[in-house]
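> Next one to model:
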Amino acid sequence: MNNGVVRLVAELRLVVGFLGEKAQSDWWGSNFLGGTSGAFLAPVFSRTTMLARYHGVCEAATIVHDEHIGLGENFHLYRLPDAIERAVAQEVAGLEEKRLLDSVLCSSSAALDRLKTLADGQEQKVEGPVVVGSYSDANLDATMRQSAQHYLMAFTQGYKCFPYLREAT
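Got it, this is the predicted structure:
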């Protein structure tokens, strides 16, 4: 797996996770990436606070995505093959927490600016689940950027969208 794709998925999960939290768009009721979550996570996860925040927001987002998309032979930003899940978790463990929180996850506008740089393509407004293609390692970068464009439009226009990939046959 290409390290650039792993980093892209890690950043998208954190940025979309932040924007979907209760304090921003209320797509899921968590606040793991908010400014105060470090205070209650740090005493328990002193050396892995960022990883705890990442796993918390991913679980909250996975539940909501699965409710809208359904379980089965589909993948989405928060449910990918195991090899990618492990690589992304390792990437997040290596992130500089303070830099990321200060520069990207400090406000909705900063997170939306970062999401704009990660997004690609011209997409139509689609509320709810939307298929962005079939899963393949070779096309994962393009389909994640396409998904980012859907999330960007949804967060800026005030509706919910859940891009997903069908399992390749």
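> surely Gly4 meets Met144?
No - Gly4 is not in contact with Met144 according to C-beta atoms under 8 Å; the separation is 10.6 Å. No exception for glycine: its C-beta is placed from N, CA and C like everyone else's.
> Settle it for me: which of these two has more neighbours?
Taking neighbours as other C-beta atoms under 10 Å, Gly4 and Met144 compare with Met144 leading, 23 against 9.
> Need the nearest residue in space to the more buried one, chain neighbours excluded.
Spatial nearest neighbour of Met144, chain neighbours left out: Leu8 (5.5 Å); criterion: C-beta to C-beta, 6 or more residues apart in numbering.
> State the distance from the one you found to Val44.
Here Leu8 is placed at a distance of 30 Å from Val44 (C-beta to C-beta, to the nearest Å).
> When those two are compared, which one has more neighbours?
More neighbours surround Leu8 than the other of Leu8 and Val44, with 19 against 9 (other C-beta under 10 Å).
> Residues touching the helix or strand encompassing the more buried one, excluding its own?
Take DSSP states H and E as the rule and Leu8 turns out to sit in helix 3-20. By C-beta atoms under 8 Å, 6 or more residues apart in numbering, the surrounding residues in contact with helix 3-20 are 24-28, 32-33, 54, 57-58, 60-61, 64, 77-78, 80, 84, 87-88, 91-92, 95, 100, 104-105, 108, 111-112, 114-115, 118, 140-141, 144-145, 147-148, 151, 155.
> Please tell me how far it is from the chain's geometric centre.
5 Å (C-alpha atoms, centre = their mean, to the nearest Å).
> Report the buried residues of the helix or strand that it is followed by.
Per DSSP H and E, the first helix or strand lying C-terminal to helix 3-20 is helix 37-41. By neighbour count on 16 or more other C-beta atoms under 10 Å, the buried set for helix 37-41 is 37-38, 41.
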